[in-house]
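Colleague: Please work out how this folds:
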Amino acid sequence: MGKILDIVVSQYVHNNAEEKQEQPLILAAAEESIKKKIIEEIEPGIREEEYKKAKAKVEAEENEKKLEELKEIIWSGFLLAFLVGLLVNQVTDVITRLKSGSMIWTVIMIIVLGGICFVVFCWMFVARVKKIYDDIKKNK
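Modeller: Reported below is the predicted structural model:
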């Protein structure tokens, strides 16, 4: 038990003992009984408070995880948008070249950038699927 609780209960029992004639075993039993009642009364409130603290901590961790995932998605989106923009630029150049002549380097760039976009998309998709699978496996 807590030191303060022991002192307070002991003083209460000894102050309320009739003419100090009661046996020490009876006084010790009275002290233990009072301590037990106090703890039984306080404990549910403490448990509820600890539960609320733990729940708030878990929610904060989940929110932090969601924020990190959002940052990841945003950066992946910027990278993919940049690559798609380069691809569109090359396709536009092909259309221009079709009207005038040689376009072998432009076609090569279209194929390379299209391949990069496809690989990045597949990598992002597989990473998301793996993450979802790991979360499901972890929760089971």
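Colleague: what's the helix or strand for V119?
Modeller: Assigned by DSSP states H and E, V119 falls within helix 104-139.
Colleague: So for that helix, what gets flagged as buried?
Modeller: Residues of helix 104-139 classed as buried: T106, M109, I110, L113, C117, M124 (neighbour count, 16 or more other CB atoms under 10 Å). Quick note: C-beta positions are derived from backbone N, CA and C, even for glycine.
Colleague: between those residues, which is closest to K53?
Modeller: Using CB to CB, M124 comes nearest to K53 of the buried residues of helix 104-139, at 36.9 Å.
Colleague: check contacts around the closest one.
Modeller: The contact partners of M124, taken as CB atoms under 8 Å, 6 or more residues apart in numbering, are S76, L80.
Colleague: mind starting the numbering at 6 from now?
Modeller: Yes, from this point I'll number from 6; that puts the last item at M129.
Colleague: Show me what the longest helix seen in the chain is packed against.
Modeller: The residue-count maximum for a helix in the chain (DSSP state H) belongs to helix 29-105. Secondary-structure packing of helix 29-105 (3 or more CB pairs under 8 Å, 6 or more residues apart in numbering; DSSP states H and E): helix 8-21, helix 109-144.
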